[in-house]
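# this one's structure only:
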């Protein structure tokens, strides 16, 4: 799979394996990614140029899809370009050329100084707006790391160290984002509060289980009902000892975010324009067109990746052996975001860890194929979206001297599947609707 040069064209398979089951899995993954392309989902939510009057349209945002979203705004904006300006920050390698909106690249998943500087510039950009101005905020997954402006008294180094600890702890994305909101000068509604009294329209591409806006990029433009005490409880739960300034900030309550009912957010509106469920439905349509019944198990599955792989394998075995709870041939689809508690020194990746555990549990079942990948094209920190398995996966691995259980114990899913040539590589997909898993069970 590769990303074409046009932001209006979804990722497509550069090559497909000779096995038709594997080819169908890749086609479903393509369809999921294509359904969430900003060029398709942004235009319908742009404000009417006539509503601006003498005001301006200021475009801001952050996330792996934010640059492509900004390009979609420029391509579809029917008002004068002179009224349009802005700044968005995206992951390194995800920039898309824009004419009026500045694109900045920064680090993900561990933040860097480029993101910190971009976040400060974004706050400066929305200072002193009037009620005639409209702020269009483009938010997608990855925005938490890309807007790492620390709360007063904290440094970027504090946030980097805590990010690494949270990523290795097995904490869920909602738990990590709760902590992030209370250590930030821009998240947890603070960006929207800074835009007051301007009207704020937030367009969200969801990458989080449940699609709660407060958890998408840690909610920079929405009210946050959680508290500093909640953040402290999460750190205690995972045995993370924060740096003394972080602990002091949370224990004092000085890190409280913007709460529901805050009058500065009265002129804010929020729209979910692409979600994991939409992507799964697009994949299901491809499966049905190929003659398979398709069943969505859930768009917000969470838990340890290896446990999820074991569970999904059990369901697939039951379908193949007993036609329960669904009759074969069929496709089982799921989304959400699993977690990995790091124990080894391998190349990681939550989707490949889930898939490797699934392959071990399936033990070469001749009727089952599967694919797992991240729709943003990056599983963990590798520039690899995910991988695929088939009935011969473990046999081919043994031929190469690979031990699947050892690879799983070492959190080395990417190393395992790369050695087999079974990685799924998309390049930057310019969107992000979380994890995608498809299990195909033949007749």
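That came through, no problem. Please read these numbers as outputs of a predicted model, since none were measured by experiment.
# now the strands for this protein?
With DSSP state E as the criterion, the chain has strands at 57-62, 84-91, 101-106, 134-140, 199-205, 268-274, 293-304, 330-339, 368-374, 386-389, 423-424, 435-441.
# Report all helices and strands that the shortest one contacts.
What it means is strand 423-424. strand 386-389 (3 or more C-beta pairs under 8 Å, 6 or more residues apart in numbering; DSSP states H and E). C-beta here means a position set from N, CA and C on the backbone, and glycine is covered the same way.
# now for the strand it packs on, which elements pack on it?
If contacts are counted by 3+ C-beta pairs under 8 Å, 6+ apart, strand 386-389 sits against helix 20-35, helix 350-362, strand 368-374, helix 413-420, strand 423-424.
# Provide the contact partners of that strand at residue level.
22, 25-26, 349, 351-352, 355, 358-359, 362, 369-374, 379, 413-414, 417, 422-424, 436 (C-beta atoms under 8 Å, 6 or more residues apart in numbering).
# now it: mean pLDDT?
Averaging pLDDT along strand 386-389 gives 98.
# Mind listing what's buried along that strand?
Neighbour counts using 16 or more other C-beta atoms under 10 Å place 386-389 of strand 386-389 among the buried residues.
# Residue 200 versus the nearest residue to residue 73 once chain neighbours are set aside, what's the distance?
Leaving aside its sequence neighbours, residue 73 sits nearest to residue 59 (C-beta to C-beta, 6 or more residues apart in numbering; 5.8 Å). According to C-beta to C-beta, to the nearest Å, residue 59 stands 12 Å off from residue 200.
# Show me the common contact partners of those two, please.
135, 137.
# Looking at those two, which is more packed in?
residue 200 (29 against 25; other C-beta atoms under 10 Å).
# So what sits opposite the more buried one in the bridge?
When bridges are called by DSSP bridges, residue 200 pairs up with residue 135, residue 268.
# how close does it sit to residue 408?
45 Å.
# Give me the below-cutoff pLDDT ranges for this structure.
Where the chain drops to pLDDT under 70, the residues are 1-17.
# domains in it, as residue ranges please.
Listed domain ranges for the chain are 20-35+276-441, 38-274 (source: automatic domain parsing).
# Now do the same contact list for residue 358.
309-310, 312-313, 316, 370, 372, 389, 439.
# now with 6 Å?
309, 312-313, 370 (C-beta atoms under 6 Å, 6 or more residues apart in numbering).
# gap between the two ends of stretch 239-247?
13 Å (C-alpha to C-alpha, to the nearest Å).
# What residues sit buried inside it?
240, 242, 245-246.
# do stretch 58-76 as well
58-74.
# go on, stretch 76-91?
Buried, per 16+ other C-beta under 10 Å, within stretch 76-91: 77, 83-84, 86-91.
# Please state the offset of the longest helix along the chain from the chain centre?
Ranked by residue count and defined by DSSP state H, the top helix of the chain is helix 305-322. Computed by C-alpha atoms, centre = their mean, to the nearest Å, the chain-centroid distance of helix 305-322 equals 24 Å.
# re the thing from before, just send the contacts of residue 358 back as TSV, with neighbour count and distance to residue 210 too.
Compiled in TSV, those are given as follows (neighbours: other C-beta atoms under 10 Å; distance: C-beta to C-beta, whole Å):
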residue	neighbour count	distance to residue 210
309	29	22
312	24	20
313	22	25
370	28	24
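# any chance of those in TSV, plus distance to residue 99?
Formatted as TSV, these follow (distance: C-beta to C-beta, whole Å):
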residue	distance to residue 99
309	45
312	45
313	49
370	43
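# JSON lines for the strands of the chain, including distance to residue 179?
Formatted as JSON lines, those follow (distance: least, C-beta to C-beta, whole Å):
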{"stretch": "strand 57-62", "distance to residue 179": "18"}
{"stretch": "strand 84-91", "distance to residue 179": "21"}
{"stretch": "strand 101-106", "distance to residue 179": "20"}
{"stretch": "strand 134-140", "distance to residue 179": "19"}
{"stretch": "strand 199-205", "distance to residue 179": "21"}
{"stretch": "strand 268-274", "distance to residue 179": "22"}
{"stretch": "strand 293-304", "distance to residue 179": "17"}
{"stretch": "strand 330-339", "distance to residue 179": "14"}
{"stretch": "strand 368-374", "distance to residue 179": "22"}
{"stretch": "strand 386-389", "distance to residue 179": "27"}
{"stretch": "strand 423-424", "distance to residue 179": "31"}
{"stretch": "strand 435-441", "distance to residue 179": "21"}
